[in-house]
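Chemist: What follows is a protein structure lacking sequence information:
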């Protein structure tokens, strides 16, 4: 019949579209992708089950990446759905599902939904003025990559805003547990705006120490966004230095580095000043 | 009470989110923004009225831009909604509504939804590898701007994909009708992938004639998308030369110019070859 890839949008049960709700209700099996996103923190599986009137099966990384046949089994005879936070094409894993279905002649239907890459417009920065999106990774003592700096810089040179997605560590195993093949997972960790701002300041200081003119400084303005689309959404417009000291509350966070800010953009940003 | 800005997403009545549906049903007055988008073509107002169990008032450009007080009247005592195709922050007009509500101390709630800027991922190109989005305008005999070429070029130089939004002319008046202040409007026009591809080829040829190495040629590959998220969605991956000859059917169309294409992106694109 049909394999549905259904976007859940910003992560509350009411963020599903009417099309997505109808599709899920028509399915015999419903999987919920439970590792590329914020599930551990935010989404309520039982609320989804109530909305669909069916059981929802959590699909972990192993099931999604290594046992897609189990998920797709029978999808040529009955409707099966995979629920994904955001839009189904937000992660390559789901592109892979579409390709597998095409190979097996299983019809695929995609139910789109919003992603932070659309919803970020709520801070006032215009979507059309964003350049490449970057992902900021959590540093460890031994691993401190900063390749995203060059992309922020390239965006700034063209006057473009940068959306910085912040690292999520979900179902990570400690080195010890990994080596002993124990399926014990670390508690989920979500990078905060404060951590990201501090890291961005460090990188600018490194560049300066190397004699390079940094693309931004600790005094450059940024926009922190937390829990976009949720009741307790919070947006703050301040310097990177101030952001490094600001507690934006519960996850998920993301951070924007504005490029050239136009009049109406500034009017909106000003409503979010600390 | 609350002024709701509700995104309708890709334009079918079922593309509204459950949150948006509940919000609209709670409102005394519901406006439908009818000029920045595809309303004339696609969306069925009566289907929305059936879904909400209420009348939906079409808001034209004049009402939205010059009489926002009429729309906001009473929103401090009852719920009022403005429906917008895509996401509410896709156009600056809606940002302006948020600012006006803040001035008047009317609480605003935004119900996000998907935009083409998220949904374009369905062609296989990864959202994270897109640079700045450009808008391609319909040329006339006397007005043939090509400033978007430089932005496509800058994206290509960084290996980034470009999403080209194509021009829409809705409720345009002829010069004669405009001068005589007659409210007679031309039929809506939607730029096609074929027109956009032909225009992009012309620009490359102009650059070449000026002795410049063009950023792409007529043989460069592109992705045409029509009616994304609709039952009859169509995606085609071919050269610009072929696209200029391809009828993608009814609106809305958009066009992507791929930058550096990775393995899985190519696997998906190959499924859309002519």
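Modeler: The structure has been received and is ready for your questions. Predicted model, so just to flag it, every value in this text is computed and none were measured.
Chemist: Residue A:29 - nearest residue in space that isn't next to it in sequence?
Modeler: Once flanking residues are discounted, residue A:29 sits nearest to residue A:80: 4.9 Å by C-beta to C-beta, 6 or more residues apart in numbering or on different chains. For every residue, glycine as well, the C-beta is placed using N, CA and C.
Chemist: and the stretch 51-200 of chain A, which of its residues are near chain B?
Modeler: Residues of the stretch 51-200 of chain A that fall close to chain B, judged by C-beta under 8 Å from any C-beta of the partner chain: A:51, A:87-90, A:92, A:95-96, A:98-99, A:102, A:110, A:112-115, A:117-119, A:121-122, A:124, A:126-133, A:135, A:154, A:158, A:160.
Chemist: Residue A:77 - how many residues pack around it?
Modeler: Residue A:77: 10 surrounding residues under other C-beta atoms under 10 Å in any protein chain shown.
Chemist: And the strands in chain A, which stretches?
Modeler: Assigned by DSSP state E, the strands in chain A fall at A:3-7, A:29-33, A:57-59, A:80-84, A:108-111, A:134-136, A:162-166, A:168-169, A:189-190, A:221-226, A:234-239, A:253-257.
Chemist: now those as TSV including mean pLDDT and mean neighbour count?
Modeler: Compiled in TSV, the strands of chain A are given as follows (pLDDT from 0 to 100; neighbours: other C-beta atoms under 10 Å in any protein chain shown):
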stretch	mean pLDDT	mean neighbour count
strand A:3-7	96	25
strand A:29-33	93	22
strand A:57-59	89	16
strand A:80-84	94	26
strand A:108-111	95	22
strand A:134-136	96	19
strand A:162-166	97	23
strand A:168-169	85	17
strand A:189-190	89	16
strand A:221-226	98	23
strand A:234-239	98	20
strand A:253-257	97	25
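Chemist: on that earlier part again, in contact with the residue nearest to residue A:29, which residues?
Modeler: By C-beta atoms under 8 Å, 6 or more residues apart in numbering or on different chains, the residues touching residue A:80 are A:2, A:3, A:4, A:27, A:28, A:29, A:30, A:31, A:71, A:72, A:74.
Chemist: Packing partners of the worst-scoring helix or strand of chain A on mean pLDDT?
Modeler: Every helix and strand in chain A was compared by mean pLDDT, DSSP states H and E; the lowest is helix A:61-66, with a mean of 79. With contacts defined as 3 or more C-beta pairs under 8 Å, 6 or more residues apart in numbering or on different chains; DSSP states H and E, the packing partners of helix A:61-66 are helix A:68-72.
Chemist: quick one: buried residues of the helix it packs on?
Modeler: A:68, A:71, A:72 (16 or more other C-beta atoms under 10 Å in any protein chain shown).
Chemist: what about the closest residue to residue A:190 other than its chain neighbours, how many neighbours?
Modeler: Nearest non-adjacent residue to residue A:190, counting by C-beta to C-beta, 6+ apart: residue A:251, 3.6 Å away. Neighbour count of residue A:251, defined by other C-beta under 10 Å: 19.
Chemist: contact partners of stretch A:25-36?
Modeler: A:4, A:24, A:39-40, A:43, A:45, A:48, A:52-61, A:63-64, A:71, A:74, A:78-85, A:90-91, A:93-94, A:170-171.
Chemist: now do stretch A:209-222
Modeler: With contact meaning C-beta under 8 Å, 6+ apart, stretch A:209-222 is reached by A:149, A:152-153, A:156-157, A:197, A:200-201, A:203-205, A:207-208, A:237-241, A:243-244, A:255-258, A:269.
Chemist: What is the nearest of the contacts of residue A:80 to chain B?
Modeler: residue A:2 (12.3 Å; C-beta to the nearest C-beta).
Chemist: what's the burial count for the closest one?
Modeler: Residues near residue A:2, counting by other C-beta under 10 Å: 17.
Chemist: Which pLDDT value goes with it?
Modeler: Note on residue A:2: pLDDT of 94.
Chemist: residues contacting it?
Modeler: A:23, A:75, A:79, A:80, A:106, A:107, A:108, A:109.
Chemist: give me every residue that touches the last one.
Modeler: Right, residue A:109. A:2, A:3, A:4, A:5, A:23.
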